[in-house]
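> return a 3D structure for these sequence lines:
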Amino acid sequence: MHPYFGEILKDKRAVITGANRGLGLLMARRFLECGAKVAICCAPHEEYAEAVEKLRALNSSYQVKGFRPNLSSENDLEAMVQEITADWGGIDILINNAGLYPAQTFDEYPKELFQTVFDVNVTGTFLTSRIVSKAIAAQGGGVIINTSSMAGIDGAMRNIGYTSSKFAVEGLTLGMARELGPKNIRVNGVAPAGIKTVDFDGNEVVQIPKGMDETAQAAMVEAAKLAAKFAPLGRFQTHPDELINVFLFLASDAASFISGQTIAVSGACIWPAASPASTASY
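Modelled structure (predicted):
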C-alpha cells in the first residue's frame, strides 16, 4: 500500500510505456502499491521479463503483464490492447512515458536522429494514445498522462530534438484533452526538471555518464552547484517519487475535473540548461 495514497487506484487497469527500467519501472511499482493492475511496455529490442518478475516478487497479489510493442506499429499496439482487454476487461489509464534523450549540439545534430526522437517521443505518444483511447472510451472513460519535460516549457540546451519533441507533446496533451473530453477521457502532462537517479527501492544512486573523464566530471559538479543557486528550493532535480506522486493523483478519481494541463514538477525553477550553468564545458 502506498504511504500517501493508500489504494487510490484500486482495480484500475494501467498501461505504462517505457517501464522496464528507471523511472517507468518505479512508477509501475507505485501504481501496483496503489491497487492498480499494470501492463509495462518496453522497446522491441529490449526485455521486460526481469522487470515483471521483480514487480511480482513484491507481492503475490500484484497483477502485472509485459509487452514489447513497436510504438509506431498499429498492429503491435492493437494486439497488446486486445490481450489486456481480454484478460482484464478493459483499460482505465495510459501513461505515455517512453522517450529518447540523445544530447547533442545543434550544429552536430543529424537529421536521422531528429526524426528518430520524434518517432518515439511524439508519433509514439500520438499513436499509442489513439489506439488505447478507443479501449478506454469503450468502457466509459479514463485517463491519459504524458511524460513531458521542463524542456518542453523553457527549452533545453544541447538537445534540439528532445526540446522540440517535448513542445510537441505539450500540444498533443492539450489537443487530445479537448478532442477526447466528450468521451470522458482526461488528458494531462507532467513536466519534471532534472530527475535524480534511484534504484528499484527508490534509493538515490550516483551515476557518472559513460566515457566522462575526471575533468568533465568536475565541471559537471560545478555546473550543478551553479544551477542550484538559481533554484528557489535549493535544488533543480526531483526525486522520482515526487514526480510519480503527481502521476498517481492525476490518474485517480481525485483529479476528476483536471484535464488539458501540464503540471511542472520543478521546484519553481527554470530548466537548468537555461541558467548560467549551461555555459559549463562538460
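> quick one: contacts for the residue nearest to residue 68 when sequence neighbours are not counted?
In this structure, residue 68 finds its nearest non-sequential neighbour in residue 44, 5.1 Å apart by C-beta to C-beta, 6 or more residues apart in numbering. To be clear about C-beta, it is placed using only N, CA and C from the backbone, and glycine gets the same treatment. By C-beta atoms under 8 Å, 6 or more residues apart in numbering, the contact set of residue 44 is 68-70, 76.
> just among the residues you listed, which is most surrounded?
Using other C-beta atoms under 10 Å as the neighbour test, the contacts of residue 44 are led by residue 69, with 25 neighbours.
> give me the number of residues near residue 148?
28.
> thought residue 169 was touching it, still the case?
Yes. Taking C-beta atoms under 8 Å as the definition, residue 148 is a contact partner of residue 169 at 4.9 Å.
> shared neighbours of the two, anything?
Residues touching both residue 148 and residue 169 (C-beta under 8 Å, 6+ apart) are residue 189.
> residue boundaries of the helices in the protein?
Using DSSP state H, the helices found in the chain span residues 22-33, 49-58, 74-88, 111-118, 124-138, 160-180, 214-228, 240-251.
> my guess is residue 249 meets residue 265, correct?
No. Applying C-beta under 8 Å, one finds residue 249 not in contact with residue 265, separated by 11.3 Å.
> now render the helices of the chain as CSV, adding mean pLDDT and distance to residue 205.
Putting the helices of the chain into CSV (pLDDT from 0 to 100; distance: least, C-beta to C-beta, whole Å) gives the following:
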stretch, mean pLDDT, distance to residue 205
helix 22-33, 97, 11
helix 49-58, 98, 16
helix 74-88, 98, 31
helix 111-118, 97, 26
helix 124-138, 98, 27
helix 160-180, 97, 22
helix 214-228, 79, 16
helix 240-251, 98, 11
